[in-house]
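> A predicted structure for the sequence below; I have some questions about it.
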Amino acid sequence: MTALLDVKGLSKNFDGLQVSADITLALHPGERCALIGPNGAGKTTFVNLVTGVLAPSSGTIRLAGQDVTRLSAQARVRLGLIRSFQVARLFRSMTVHEHLELAVLERERKTFRVFASVRRTPGLADEVAGLLDGMGLVPVADTAVGALAYGQQRLLEIALALALKPKLLILDEPAAGVPHSESHRILDALDRLPADLAVLMIEHDMDLVFRFAKRIVVLAQGRLLCSGTAQEIATDPRVREVYLGSRANAPH
Ligand SMILES: Nc1ncnc2c1ncn2[C@@H]1O[C@H](COP(=O)(O)OP(=O)(O)OP(=O)(O)O)[C@@H](O)[C@H]1O
């Protein structure tokens, strides 16, 4: 099977400092993968390279067989490479439902129409309803974003990303700011993501990572240290070693 994302030999130097070093990684449709590593390991830099925010010093990035290494971030979005926070420009006074309507209309390039037009377009109205349902946002559909709990905002961000019909969804700390006791709601919503969608998650909440990801990729000092199942990663002494001293909550 052709990999959906095929990264080969990706490196990035900042003024002689190598922050991504020769990273090779492939993701297939439907994969549930997490990228972890201690602070400063190069996770954000890697995602910035993949999404086109940064240009690599060397290496190639292919999406569904197409070389996107030199494409702009916007062109990559159009090809289905969506990062959750890229689309999350939330307006405090707009409701959850209005946000999703706008996102779907934007995708359809129908922003010149008024919001009500979604309701006159059955396919789009159904799509908004499906996004609300999938992310567990039906009870707060008519709530202004400014009044949402943090976890609900995170779920709206994911729903907005899904409105762009991604092939690969990069989730940037989907549980950031969410109380640990509430992170199961994020996991429940992630469990309902479309089966053929590939997901790459960067997250510091190891419970969420271990429960969500079928494969975990560990970065350390810009390099790919290892990858494996939750069980393999949790018991790998190299992983324990890179986390020791740098973080209190090493994978366990
Ligand atoms: N624009 C830049 N110029 C110079 N150095 C940079 C730049 N961006 C990142 N770095 C360095 O690259 C290294 C990797 O940073 P990066 O933010 O990718 O790590 P991270 O794994 O995402 O960390 P965290 O978990 O703390 O967010 C760090 O040492 C950082 O200081």
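Cool, the structure landed. Numbers count the residues shown, from 1 in each chain.
> would you map the strands across the stretch 1-150 of the chain?
Using DSSP state E, counting those that start in this stretch, the strands of the stretch 1-150 of the chain run over 5-14, 17-27, 32-36, 58-63, 66-67, 81-83.
> name the stretch among these that sits most buried.
Each of the strands of the stretch 1-150 of the chain was scored by mean neighbour count; the highest is strand 81-83, a mean of 26, by mean count of other C-beta atoms under 10 Å. (C-beta placed from N, C-alpha, C; glycine too.)
> on that earlier part again, make JSON lines out of the strands of the stretch 1-150 of the chain and add distance to the ligand and mean pLDDT.
Shown next, in JSON lines, are the strands of the stretch 1-150 of the chain (distance: least, C-beta to the nearest ligand atom, whole Å; pLDDT from 0 to 100):
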{"stretch": "strand 5-14", "distance to the ligand": "3", "mean pLDDT": "97"}
{"stretch": "strand 17-27", "distance to the ligand": "4", "mean pLDDT": "96"}
{"stretch": "strand 32-36", "distance to the ligand": "9", "mean pLDDT": "97"}
{"stretch": "strand 58-63", "distance to the ligand": "15", "mean pLDDT": "98"}
{"stretch": "strand 66-67", "distance to the ligand": "23", "mean pLDDT": "96"}
{"stretch": "strand 81-83", "distance to the ligand": "13", "mean pLDDT": "94"}
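> next, format the ones you listed as TSV and append distance to Ala147.
Shown next, in TSV, are the strands of the stretch 1-150 of the chain (distance: least, C-beta to C-beta, whole Å):
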stretch	distance to Ala147
strand 5-14	37
strand 17-27	36
strand 32-36	31
strand 58-63	38
strand 66-67	42
strand 81-83	26
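> just give the nearest non-adjacent residue to Gly9, would you?
Nearest residue to Gly9, sequence neighbours excluded (C-beta to C-beta, 6 or more residues apart in numbering): Gly59, at 4.2 Å.
> contacting residues around the one you found?
Residues near Gly59 by C-beta atoms under 8 Å, 6 or more residues apart in numbering: 7-11, 22-23, 69.
> now, which of those residues sits nearest His180?
Ile23 (30.2 Å; C-beta to C-beta).
> what's the most distant pair in the contacts of Gly59?
Asp22 and Thr69, at 14.9 Å, using C-beta to C-beta across the contacts of Gly59.
> mind showing which ranges of the stretch 51-200 of the chain have poor pLDDT?
86-89, 109-122 (pLDDT under 70).
> now with 80?
85-90, 108-122 (pLDDT under 80).
> ok and the residue in it nearest the ligand?
Of all residues in the stretch 51-200 of the chain, Leu54 sits closest to the ligand, at 8.0 Å by C-beta to the nearest ligand atom.
> make sure that residue is actually in contact with Phe46.
No: in this structure, Leu54 is not within contact of Phe46 by C-beta atoms under 8 Å, at 9.4 Å.
> the more surrounded of these two?
Neighbours were counted for Leu54 and for Phe46 using other C-beta atoms under 10 Å; Phe46 has more, 27 against 18.
> can you list the domains in the protein?
The record assigns the chain these domain ranges, following automatic domain parsing: 1-80+166-252, 87-165.
> what count of nearby residues applies to the closest residue to Asp172 other than its chain neighbours?
Excluding the flanking residues, the one nearest Asp172 by C-beta to C-beta, 6+ apart is Phe85, at 4.8 Å. By other C-beta under 10 Å, 16 other residues sit near Phe85.
> my guess is Phe85 contacts Leu156. True?
No: look at Phe85 against Leu156 with C-beta under 8 Å: they stay out of range, at 11.8 Å.
> list the contacts of the residue lying closest to Gln74 once chain neighbours are set aside.
Distance criterion C-beta to C-beta, 6+ apart; nearest residue to Gln74, sequence neighbours excluded, is Gly52 at 7.9 Å. Gly52 makes contact with 68, 71-76, according to C-beta under 8 Å, 6+ apart.
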